[in-house]
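>>> I'll drop the sequence and a predicted model, then ask my questions.
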Amino acid sequence: MALRYAEVLPDVLELMTQLADDWEYSGQLTADTYLFADLDCESLDLVVLGTMLQERYGRLPFAEFLAQLGQQDMKDVTVGQLVEFICNHAGTAAGAVL
């Protein structure tokens, strides 16, 4: 069963709110919030976030996602783009559990 954006976004925002204290971000997290520019995420933050997302949505191809991000002119991603990635890939990797 494919995940819908409207269902995944609130879950991802809730997970990220739990981590927001570590990012010292006082603004409201939305689909338009950038992980690097707004939240000032570091690689360890992405590992923690990725682990939390995979615990919730199953195995996800984050290496491919980050490789594609590295080839973009703007090397940043919004929460909304992350949610789209989850919706497109959750349940497609071997061993995914929803």
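Yep, it's here. If you're wondering where the values come from, they're calculated on a predicted model, not measured in any experiment.
>>> what about I86, neighbour count?
23 (other C-beta atoms under 10 Å). Quick note: C-beta positions are derived from backbone N, CA and C, even for glycine.
>>> assign it to helix, strand or coil.
Per DSSP: H, G, I helix; E, B strand; the rest coil, the local secondary structure of I86 is helix.
>>> who's in contact with the helix or strand of the chain with the lowest mean pLDDT?
Scoring the helices and strands of the chain by mean pLDDT, DSSP states H and E places helix 62-70 at the bottom, with a mean of 83. With contact meaning C-beta atoms under 8 Å, 6 or more residues apart in numbering, helix 62-70 is reached by 46, 50, 54, 75-77, 85, 89.
>>> check the residues you listed and tell me the two furthest apart.
For the contacts of helix 62-70, the maximum inter-member distance is 22.4 Å, found between Q54 and K75 (C-beta to C-beta).
>>> more neighbours: which of those two?
Q54 (17 against 11).
>>> what sits against that one?
Residues in contact with Q54 (C-beta under 8 Å, 6+ apart) are 60, 62.
>>> next, work out how far apart it and D73 are.
28 Å (C-beta to C-beta, to the nearest Å).
>>> go through the contacts of helix 62-70 and flag which are in strands.
Judged by DSSP state E, those include no members of strands.
>>> about what we covered before: the least confident helix or strand of the chain: how far from the chain's middle?
Computed by C-alpha atoms, centre = their mean, to the nearest Å, the separation of helix 62-70 from the middle of its chain amounts to 12 Å.
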